[in-house]
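Chemist: my questions concern the predicted model and sequence given below.
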Amino acid sequence: MSRSILIVDDEYGLADMLSMLLETRGFECTVAIDGALGLAQLEKKRFSLVLTDVMMPRMDGLEMVRRMRALDHLADVPVIVMTAVPSGVSPHERALVQGVLAKPFGQAELARAIELVLA
Amino acid sequence: MTAPASQRAETGIPGLDTVLEGGLIRGSVYLIRGAPGSGKTILANQIGFHTAALGGRATYVTLLAEANDQMIAHLSRLRFFRPELVGSKVSYLSLFKILEERGLAGLLQTMREIGATRGAQLIVVDGLVAAEDFAKSPQQFKAFVHDLHMVATMSGATVLLLTTQRSLNLDTEQTVVDGVIDLTEDMYEMRALRYLRVRKMRGTNALRGKHLLSITDEGIVVRPRIEKQCERDQREVLAPDPHRRKRFGIPQLDRMLGGGPPELSTTMIAGPTGSGKTILGLHYLLEGARGGERGLFIGFHETPPELLAKSDRLGLGLRGAVNEGAIHLMWQRPVEGLLDLVAEQLLALVHAHHITRVCVDGVHTFSRTIDYPERLPEAVAAIKQQLLREGVTLVYTYETPQVHGQLQLPPQDLPASAHNIIVQRHCEVRARTHHVISVLKMRDSGHDPRAYEFRIDEGGLHVDNTYDSAAELLGPAGHDGAARKTRR
């Protein structure tokens, strides 16, 4: 079974690029443009990993994570947060996710972060 | 803060990596601007083939309506072009149709695909102006360049955007790219000179200002201005030591010089053509070789075989010293940008071979080949400082225009910057030419101010032990008055 990743980012170009890069590495990718739509995707399908931006309209990435952790069936889905301000993620929020990836990042850093979480 | 070497991608363009402190930064976007014919396409392709030669991949995207075939045919005449790499390592894509049919959004989608799937270390976008023409607003164009930045960052590829300077949104582009390089052409009198100038370069302490650029059969060659290169060296500049002398090995001349030029000083030998300046320079190096020092002779007119033949005729022993590796001979045909070219090679040789005596034969040649003559004093001073850092005692010759009559010194800045000046002159008496040598100046050191006659024959240059004959030749007028005087 192929591993699937949910990409949650309101910046379409970045989400599209991430999706293409990860597909070349054998992942199946789905894109959602905010936290609310991300949660909707998570209700439809079991993902191996969620890659989410922090600042997004409607529902931001950290709020999406808090809601995921409150739900039994999504509490254990690994999450990597992508942010230009890693210091803005509090220790409590860090405890809810498996990784924090500082933007901008290249494909090598992305691959390392995913490997660490999915190993 | 400058980016470390590990994050840099060599361009492979001679001189450019020096300007860029080692190369371009991976995952960054650079704007290369220049009028049609300024060399943008060659520059980008040359970097592409260098990337491929190192095992990487390059993708060249053109947004222009013209087919790539004509460009490739033109490039194939340049030596960096390797047809076996085209397709496998260097690929050419025309995205004009996509731009025309799907606009900027379609183009961006394709660029993301290229970044994600091709594994290219270099992506070139030629004809950025076409993308600008398709943008509905400056903001949309800015967003386009911003997204290309994201493609560069995520893929790790270096992205070069080639554009003409007619672009209306240069400010927009400049704010979102990591670097801007301009290729320009200036007219200096009758000469058209090409230049490369780095306008902006994040994470790089680039050599600022203009650097000469040539398009040769090898491709593009950049000659970084030597005075800017020398600024990067933070080593202490040593001062001349009057207690340690570097002799010429010509006893009377060394006496006139108070024992020889002080170590780490600079000596100018000025004189008209045929006055023996080159031979005096060779004496200087040969005397050093006899004492176990290594020397370097740089000339622009007499080739090494000609010099060796001259030395053989006079019995100077240059051939033996060259064969033993004690003296290096360097020759360079006078070409545009000579000073920067020679200085770079000279400094590399001095450093590599621990050379302590250098003779540059014909510094006046620099003033004829330099792009802007006003650069000469500053550039020569920078080279001298660099040689001092390397522990070199320098002698250079400068051809003055006068053969007979009063001798004219070179432009004021050069003599002022030399610690010592030796003058060699001709004077004609009763239809016979005589040679006279004198020490015009020695900074912080005593010297014999009188002129002496000298001759050049077996064994090289011989200076008379007394100044009587020179006094007669030069006469009471003090300069070439002998033309009116009869010798006893």
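Modeler: Okay, I see it. Worth saying up front: this structure is predicted, and the values here are computed from it rather than measured.
Chemist: off-centre distance for stretch B:135-154?
Modeler: Average the C-alpha atoms of stretch B:135-154, do the same for its chain, and the two points are 38 Å apart (Cα atoms, centre = their mean, to the nearest Å).
Chemist: what domains does the record give for chain B?
Modeler: As assigned by automatic domain parsing, chain B contains the domains B:5-224, B:241-484.
Chemist: looking at the ones you listed, spot the one closest to chain A.
Modeler: Ranking the domains of chain B by their distance to chain A (criterion: Cβ to the nearest Cβ) puts domain B:5-224 first, at 3.5 Å. (Glycine included, C-beta is placed from N, CA and C.)
Chemist: let me know the average pLDDT across that closest one.
Modeler: Here domain B:5-224 scores 91 as its mean pLDDT.
Chemist: and that domain, end to end?
Modeler: Distance between the two ends of domain B:5-224: 19 Å, counting by Cα to Cα, to the nearest Å.
Chemist: circling back to that earlier point, can you add distance to A:G35 and give the domains of chain B back as TSV?
Modeler: Conversion of the domains of chain B to TSV gives the following (distance: least, Cβ to Cβ, whole Å):
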stretch	distance to A:G35
domain B:5-224	21
domain B:241-484	58
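Chemist: export those as TSV, with columns for distance to chain A and mean neighbour count.
Modeler: As requested, the domains of chain B are arranged in TSV below (distance: least, Cβ to the nearest Cβ, whole Å; neighbours: other Cβ atoms under 10 Å in any protein chain shown):
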stretch	distance to chain A	mean neighbour count
domain B:5-224	3	19
domain B:241-484	34	19
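Chemist: wait, is B:A382 part of a strand?
Modeler: No. Secondary structure assignment (DSSP: H, G, I helix; E, B strand; the rest coil) places B:A382 in helix, not in a strand.
Chemist: what helix or strand is the residue of chain A at minimum distance from chain B located in?
Modeler: Per Cβ to the nearest Cβ, A:M20 is where chain A lies closest to chain B, at 3.5 Å. Assigned by DSSP states H and E, A:M20 belongs to helix A:12-24.
Chemist: could you give me the average pLDDT of that helix?
Modeler: Mean predicted confidence for helix A:12-24 is 94.
Chemist: that helix: which residues count as buried?
Modeler: Applying a neighbour-count criterion of 16 or more other Cβ atoms under 10 Å in any protein chain shown, one finds A:G13, A:L14, A:A15, A:D16, A:M17, A:L18, A:S19, A:M20, A:L21, A:L22 buried in helix A:12-24.
Chemist: ok, the residue of chain A closest to chain B - contacts?
Modeler: If a contact means Cβ atoms under 8 Å, 6 or more residues apart in numbering or on different chains, then A:M20 has B:R112, B:E113, B:G115, B:A116, B:T117 as its contacts.
Chemist: can you name the two of these that are farthest apart?
Modeler: Of all pairs drawn from the contacts of A:M20, the widest gap by Cβ to Cβ lies between B:R112 and B:T117 and measures 9.1 Å.
Chemist: residues touching B:P14, list them.
Modeler: The neighbourhood of B:P14, defined by Cβ under 8 Å, 6+ apart, consists of B:E218, B:V221, B:V222.
Chemist: same deal with B:A451?
Modeler: Applying Cβ under 8 Å, 6+ apart, we find B:A451 in contact with B:V436, B:I437, B:S438, B:Y467, B:A470, B:A471, B:L474.
Chemist: try 7 Å this time
Modeler: Contacts of B:A451 were listed using Cβ atoms under 7 Å, 6 or more residues apart in numbering or on different chains, and they are B:V436, B:I437, B:S438, B:Y467, B:A470, B:L474.
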